[in-house]
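In: okay, here's the prediction I keep looking at, along with the sequence it came from:
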Amino acid sequence: MVRSNWRVRRAARLAGTLLLLGSVSACIPQHGDPGPPSAVIAATPATTGPAPLIVHFDGSASVGPAAGQPVSGYWWDFGDGTSPETAPVVDHTFAEAGSYTVTLTTRSDFSPFPGSSSVVITVTAVG
C-alpha cells in the first residue's frame, strides 16, 4: 500500500487575510493492494434462546486477504458491555434478555485493513 498524505486546502481572501478553511490527511489504497482478511462467524448451538444463553463462537474459518495467508488477530465484541475476547474460538454467556450484535474483527499481517462480520443474538426472558 502506498501511503499518501494529501493536504486539501481551501482558502479565501477577506480584506487581505488568508484563511485556512480545511485540511485533510488520507491514506489511499493503490491498485493491487490486498483487501481485508475475511471474518467468518459460526455461532452454535443457537443464536436465539432463553437467558442465560451460552453461545459458542468460532472464527477459525477466517482467512487472510489471499489464499493461504493466516489471520493474525481476532477481536470479539459481544455487544453487551462485557470485555472483548481475542481468541479465534470463544464461549460467551448472555445473562440478560435482549438483542445483541456480536462483531468479529480480524487482522492480518498481509493487509493494513481489518475485516469484520456480525451476527445478532436474541436472548429471551425466562418464563
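Out: Done, it's in. Numbering: from 1, shown residues only.
In: look up how far Leu104 lies from Gly49.
Out: Counting by C-beta to C-beta, to the nearest Å, the gap from Gly49 to Leu104 is 20 Å. From N, CA and C alone the C-beta is placed, and that goes for glycine too.
In: brain fart, Thr93
Out: Counting by C-beta to C-beta, the separation of Thr93 from Leu104 is 17 Å.
In: what do you get for Phe94?
Out: Separation of Phe94 from Leu104 (C-beta to C-beta): 16 Å.
In: quick one: contacts of the longest strand along the chain?
Out: Secondary structure of the chain per DSSP state E: the longest strand is strand 111-124. Residues outside strand 111-124 that contact it (C-beta atoms under 8 Å, 6 or more residues apart in numbering) are 1, 27, 29, 33-41, 43, 47-53, 55, 62, 64-65, 79, 94, 96-108.
In: next one: it to chain centre, how far?
Out: 6 Å (C-alpha atoms, centre = their mean, to the nearest Å).
In: if we go by neighbour counts, what in that strand is buried?
Out: By neighbour count with 16 or more other C-beta atoms under 10 Å, strand 111-124 contains the buried residues 111, 115, 119, 121, 123.
In: so for the first one, what's the pLDDT?
Out: Meaning Ser111. pLDDT, Ser111: 92.
In: likewise Val8?
Out: 31.
In: going forward, the N-terminal residue is numbered 93.
Out: With the count now opening at 93, the last piece we talked about shows up as Val100.
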